[in-house]
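J.: with the input below, show me the fold.
(one chain, ligands or ions: 1)
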Amino acid sequence: MKFIAPKIIAALTISLTAAAASAVTFSEINDRVLTPACAGCHGAVDASADLDITKLENIKANLESIKAAVESNAMPMASELLPEDKALLLKWIEDGAPE
Ligand code: HEC
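T.: Numbers count the residues shown, from 1 in each chain. Coordinates of the predicted model:
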């Protein structure tokens, strides 16, 4: 037992570090939420409200209005996000929309 415990602690430390480092990225949010739920109306072709949401720079420039629109369920228009996708998107925005 006394030989195993340090290995378990080491393994736990490594997996905790990995979890902390793996914050949600733009490409994950884009694939999971923005492309399916927003880009149909806020893409390069049809940019409702002049917002092409497929580009990170546009998101960063509109962070507060995007946050407000998602929080209030005003967006996505005419549909809704899964609760876990909404939470993930808001968390990513609160983290400052990292790349
Ligand atoms: C079915 C089309 C449609 C979908 C899907 C959609 N939007 Fe919109 N969105 C619009 C239209 C149209 C407007 C402009 C009119 C309005 O503000 O009501 C708009 C406006 C906005 C605005 C500006 C609001 C403001 O107060 O200035 C934001 C931010 C926004 N959308 C974010 C999103 C996000 C984020 C998603 C995905 C989670 C999304 N939208 C999905 C059609 C859509």
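J.: okay, and for the chain, where does confidence drop off?
T.: Low-confidence regions of the chain, defined by pLDDT under 70, span residues 1-22.
J.: show me what from it comes close to the ligand.
T.: Residues of the chain lying near the ligand by C-beta under 6 Å from any ligand atom: 37-38, 40-42, 48-49, 51, 53, 62, 65-66, 69-70, 75-78. (Each C-beta comes from the backbone N, C-alpha and C, glycine too.)
J.: and those, which are buried?
T.: 37-38, 41-42, 51, 53, 62, 66, 69-70, 75-76 (16 or more other C-beta atoms under 10 Å).
J.: how about the strands in the chain?
T.: For the chain, no strands are identified by DSSP state E.
J.: wait, what's in contact with Ile29?
T.: Each residue near Ile29 by C-beta atoms under 8 Å, 6 or more residues apart in numbering is listed here: 88-89, 92.
J.: how close does it get to the ligand?
T.: Taking C-beta to the nearest ligand atom, to the nearest Å as the measure, Ile29 falls 10 Å from the ligand.
J.: now do that residue against Ala61, distance only.
T.: To Ala61, Ile29 is 16 Å away according to C-beta to C-beta, to the nearest Å.
J.: if we can go back for a sec, widest-spaced pair of the buried ones among the residues of the chain next to the ligand?
T.: The span of those, defined through C-beta to C-beta, is set by Ala37 and Asn62 at 15.9 Å.
J.: measure stretch 34-52 end to end?
T.: Distance across stretch 34-52, first residue to last, is 10 Å (C-alpha to C-alpha, to the nearest Å).
J.: now, which of the buried ones among the residues of the chain next to the ligand sits nearest Pro83?
T.: Minimum distance to Pro83 across those is 11.9 Å, recorded for Val70 (C-beta to C-beta).
J.: contacting residues around Ala78?
T.: Neighbours of Ala78 in contact, by C-beta under 8 Å, 6+ apart: none.
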